[in-house]
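[1] When you get a sec, could you give me coordinates for this:
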Amino acid sequence: MSKFVIYVHFEPFVKQWLVNSYGNPVEFPSQSVENATIRRFTVKQPDVVVPHEEDDLAIFIPDSKAKDPMIYNHLTKHGKKAVIECVEDNFKLNMWSELGTLSDTKCKIMTCIYTWCEMHGIDIDYADTIRQRYYRIRDSYLKKGIDMRKHTKSYDRE
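    Modelled structure (predicted):
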């Protein structure tokens, strides 16, 4: 991993999830989709240095034979958007894979979400936002006739 970083702005709860999972500055696994996205969209630093915001998150630029991070260490506005989309997708995948089977627990959904937030370093003030995202994913499948909820009722086979 290079010693160069890019700065990207994420939703606060996604930022907390990233820091909890990958450290600060964020260091994605070497063969990750995130690193591939960063490598693909880094460009040479523009003549005018664009300052980053105080709450932006530092992410290590992966080493690359094709794009030396000493030279290619800038992301354009749309390059940052590509990284954000990639991270958001993985956040949703992680959330769905761990919360997707809430029906197999005997506790309330919000208790599960509070616990998931705590496990991933997310302030529980964002638990309602996580709940809304969870329901949006589930409901988008239900609208297409796909029930992703786990059913605990067993049926007799004859």
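
[2] For the protein, which segments are assigned as helices?
    Remark: helices assigned in the chain by DSSP state H are 12-22, 33-41, 77-99, 109-119, 127-143.

[3] Would you mark the buried spots in the third one?
    The one in question is helix 77-99. 79-80, 83-84, 86-87, 90-91, 95, 99 (16 or more other CB atoms under 10 Å). (Each C-beta comes from the backbone N, C-alpha and C, glycine too.)

[4] same check, this time on stretch 120-138
    120, 122, 126-127, 130-131, 133-134, 137-138.

[5] Next up, the contacts around residue 58.
    Applying CB atoms under 8 Å, 6 or more residues apart in numbering to residue 58 gives the contacts 5-7, 24-26.

[6] again, only using 10 Å
    When contacts are counted by CB atoms under 10 Å, 6 or more residues apart in numbering, residue 58 is found next to 4-8, 24-27, 52.

[7] can you tell me which of these are in strands?
    The strands, defined by DSSP state E, take in 5-8 from these.

[8] Adding distance to residue 33 and neighbour count as columns, could you present the residues you listed in CSV?
    CSV is the format used below for these (distance: CB to CB, whole Å; neighbours: other CB atoms under 10 Å):
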residue, distance to residue 33, neighbour count
5, 19, 19
6, 16, 23
7, 20, 17
8, 15, 22
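
[9] which one of these is nearest residue 46?
    The nearest member of the ones in strands among the contacts of residue 58 to residue 46, counting by CB to CB, is residue 6 at 13.2 Å.
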